[in-house]
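>>> Return a 3D structure for these sequence lines:
(chains A and B)
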Amino acid sequence: MMRAHGLFQWLIVVLCAASSGVLSAQEPNCGEIVAMAKMARAKSSAAVAAEKQKAGDSYRAQVVFAARSFELRPMDKSAAVRLLNLIPVDDAQHTTWMTLGDALCSPESTASMKLLGGLGERLPHDLAKAVLLVPDKLPGYIAYAPTSVQDPHSDYAVQMQTVCRSKHPAFVKAVEGLPADKQDWFVKHVLNPDGCHALALPEAE
Amino acid sequence: MNATTIRGTCVYDALLRMYHFTGKERDTESGNDYFSARYYASSMGRFMSPDPLPWIGWQSGDEDDQKKFEAYIANPQNFNMYAYVNNNPLNKTDPTGMNACGTNNDSSCKVTVTIQDRSKDSNGHYNDQYTGVKNSGNYNATATVSVNGKETGTFLVKTTPSDSSKSATIANGTYSGTLTTHSGDVAIRLQPTNAIPTIGPNPSRQDGASIAQGILVHRAGRENFTGVGRDGRAVSEGCQVVCTSQYGDFKHATGMVPSAGAPQQHFTVIVNTQENEPQ
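Below you'll find the predicted structure:
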């Protein structure tokens, strides 16, 4: 009986060790996360590019690279296009945008998380500036809005007001290009193009 | 000049109180540091009374209690009930005098935030110890934080959105939580990130699905405000908001803000209130 109990405990230990191995294999590489945080605080495009080598080529790393590159060169159309091309097109990518400031590896410093979280919070602002440079990307930019504002902390619609005012005809045309049901939802719940008035507001701070 | 002659006794007391060991107030008469549950004698490096946890009672409790009891007695340091953080002050803190958990994202550390209804009198008025907290009436629940079964603090929480016509109320349940950042501060993200069940259809979703996303446990607004501001922005769109004036202590109680090392990153958040009960 005792022996059977011991074997059972041993089996539990082995199973736990195996499952933790599976979990750790799914976790992001901490070295890559550290490099992403360094990208987020880089002061030059060269520094961003250097850290990009260490950050890997994941979607998350690409977003951090594109966003920080554009922030450092806000008049660079190619940087704007790179960022706009990364607008989420599925739930997984949307989750990545929402969770830029989450703890992704252990141990990760709060400072790193805040750097990446700050970048994540600036993304709607960065996207608005980018699409002003490249208005051809308005359809994709507008199509993501209803998804983005489902995150209570997203100020996507508020940032979109600037785009609406600055590129009003193109903006209205892009909204009219949405499927009828989505267009109706957009003007009633996200942003009213007539007055460029945001309807989906983020939580207050 | 005696401070009492200037502004009265309260100011006099405040001036004499000094903050010492880990930021706790020092009792001017005894020289001891006050923790929520007991005094710490800085001169002796230990508490003046035993840990008040009812650990002996766990032995005869239910299955969970017995597990807590076994875990507790497995650590010999717990038998020194006058020790501070199991005599490991470099890696651990004890904000309330009842927390002996590591704060370096200790994987063995189980941090649980249990959100439940506040107690009310027969007239439906809150009658707990928080009634003196500014704007405490805005909060329908309390969050009790426990670390490895030991309570480290209880805090006021609002579990429903500021404007229920625009945002959904999340449903009671047990959620995993991940450390995240929110407006330059730390917070807890409820998982799954994209599909927290809600009570009824979520009005912020075009598809009307009964799920919410991006739900956090974070601090409330200025002066403990929880409603909709003049700019139309709500303090909560379904997030679990902790009383602002208590949020600093909440962060310490959960290990989100450690005194040393990395913060705790993983949590269990249990929501169990009448307001969050599915109809």
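
>>> Could you pull up the mean pLDDT of stretch A:143-162?
For stretch A:143-162, mean pLDDT rounds to 97.

>>> how far does that stretch sit from the chain's center?
How far stretch A:143-162 lies from its chain's middle: 12 Å, per Cα atoms, centre = their mean, to the nearest Å.

>>> Extract the CA atoms of stretch B:195-214 and return them as CSV.
Output in CSV follows, covering the C-alpha atoms of stretch B:195-214 (Å, rounded to 0.1, in the frame of the first residue of the first chain):
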residue,chain,number,x,y,z
ALA,B,195,-13.9,36.3,-23.5
ILE,B,196,-14.8,37.1,-20.0
PRO,B,197,-18.5,36.0,-19.6
THR,B,198,-21.0,38.8,-18.9
ILE,B,199,-24.5,39.0,-17.6
GLY,B,200,-26.5,39.2,-20.8
PRO,B,201,-25.4,40.7,-24.1
ASN,B,202,-22.5,43.1,-24.0
PRO,B,203,-23.9,46.5,-25.3
SER,B,204,-20.5,47.5,-26.6
ARG,B,205,-20.4,44.6,-29.0
GLN,B,206,-22.1,44.6,-32.4
ASP,B,207,-22.7,40.9,-32.3
GLY,B,208,-24.4,41.1,-28.9
ALA,B,209,-22.3,38.3,-27.5
SER,B,210,-22.3,37.9,-23.7
ILE,B,211,-18.6,38.3,-23.4
ALA,B,212,-16.2,41.2,-22.6
GLN,B,213,-12.6,41.8,-23.2
GLY,B,214,-9.8,43.8,-21.7
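
>>> Would you mind listing the buried residues in it?
B:196-199, B:202, B:204-206, B:210-214 (16 or more other Cβ atoms under 10 Å in any protein chain shown). No exception for glycine: its C-beta is placed from N, CA and C like everyone else's.

>>> quick one: average confidence on the helix or strand hosting B:S176?
B:S176 belongs to strand B:173-182 when assigned by DSSP states H and E. Average pLDDT, strand B:173-182: 96.

>>> same deal with stretch A:94-106?
Stretch A:94-106 comes out at a mean pLDDT of 93.

>>> Out of the buried residues of stretch B:195-214, list just those in strands.
In strands, defined here by DSSP state E, the members of the buried residues of stretch B:195-214 are B:196-197, B:211-212.

>>> Return the member of those nearest to chain A.
B:A212 (7.8 Å; Cβ to the nearest Cβ).

>>> The closest one and B:P161: what is the separation?
9 Å (Cβ to Cβ, to the nearest Å).

>>> Between these two, which contacts overlap?
Shared contacts of B:A212 and B:P161, defined by Cβ atoms under 8 Å, 6 or more residues apart in numbering or on different chains, comprise B:167-168, B:238.

>>> sorry, back to before: the strand holding B:S176 vs chain A: in contact?
Yes - counting by Cβ under 8 Å from any Cβ of the partner chain, chain A has neighbours in strand B:173-182: B:178-182.

>>> and what of stretch B:108-121?
No - under the criterion of Cβ under 8 Å from any Cβ, chain A is not reached by stretch B:108-121; the shortest gap measures 11.8 Å.

>>> what about that stretch, start to end distance?
End-to-end distance of stretch B:108-121: 39 Å, with Cα to Cα, to the nearest Å as the criterion.

>>> follow-up on the earlier one: pick out the most distant pair among the ones in strands among the buried residues of stretch B:195-214.
Farthest-apart pair in those is B:P197 and B:A212; separation 8.1 Å (Cβ to Cβ).

>>> and for these two, which residues touch both?
Contact with both B:P197 and B:A212 is made by residues B:I170, according to Cβ under 8 Å, 6+ apart.

>>> Map the structural domains onto the sequence of chain A.
A:28-123, A:134-205 (automatic domain parsing).

>>> How about the residues of chain A by chain B?
For chain A, the residues in contact with chain B (Cβ under 8 Å from any Cβ) are A:91, A:94-95, A:98-99, A:101-103, A:106-110, A:113-114, A:116-118, A:121, A:146, A:149-154, A:181-182, A:185, A:189, A:200-205.

>>> ok, the residues of strand B:173-182 next to chain A vs B:V111, which is closest?
Looking across the residues of strand B:173-182 next to chain A and measuring by Cβ to Cβ, the closest to B:V111 is B:L179, at 10.0 Å.

>>> out of the residues of strand B:173-182 next to chain A, who's nearest B:H252?
Taking Cβ to Cβ as the measure, B:H252 lies nearest B:L179 of the residues of strand B:173-182 next to chain A, at 13.7 Å.

>>> Quick check: bridge partners of the closest one?
With DSSP bridges as the criterion, B:L179 is bridged to B:I188.

>>> now the residues of strand B:173-182 next to chain A in CSV, with neighbour count?
Shown next, in CSV, are the residues of strand B:173-182 next to chain A (neighbours: other Cβ atoms under 10 Å in any protein chain shown):
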residue, neighbour count
B:T178, 18
B:L179, 26
B:T180, 29
B:T181, 25
B:H182, 21
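
>>> which of those residues lies closest to A:K43?
Closest approach to A:K43 among the residues of strand B:173-182 next to chain A (Cβ to Cβ): B:T181, at 21.0 Å.

>>> isn't that closest one right up against A:K114?
Yes - with contact taken as Cβ atoms under 8 Å, B:T181 and A:K114 are classed as touching, separated by 5.1 Å.

>>> Spit out the residues that contact those two alike.
Counting by Cβ under 8 Å, 6+ apart, the contacts common to B:T181 and A:K114 are A:G101.

>>> circling back to that earlier point, who wins on neighbours among the shared contacts of B:A212 and B:P161?
In terms of neighbours by other Cβ atoms under 10 Å in any protein chain shown, those top out with B:G238 at 28 neighbours.

>>> quick one: that residue from chain A, how far?
Remark: distance between B:G238 and chain A (Cβ to the nearest Cβ, to the nearest Å) = 6 Å.

>>> Phi first, then psi, for that residue.
Per-residue torsions, B:G238: phi 120, psi -10 (degrees, to the nearest 10).

>>> distance of it from A:H94?
The gap separating B:G238 from A:H94 is 17 Å, by Cβ to Cβ.

>>> what are the ranges of the helices in the chain?
Since no chain was named, I'll use chain A. In chain A, the helices defined using DSSP state H lie at A:2-26, A:30-41, A:45-55, A:59-72, A:77-84, A:91-98, A:110-133, A:138-148, A:156-166, A:168-176, A:180-185.

>>> not quite, I wanted chain B
Under DSSP H, chain B gives helices at B:4-7, B:9-16, B:55-58, B:63-73, B:247-254.
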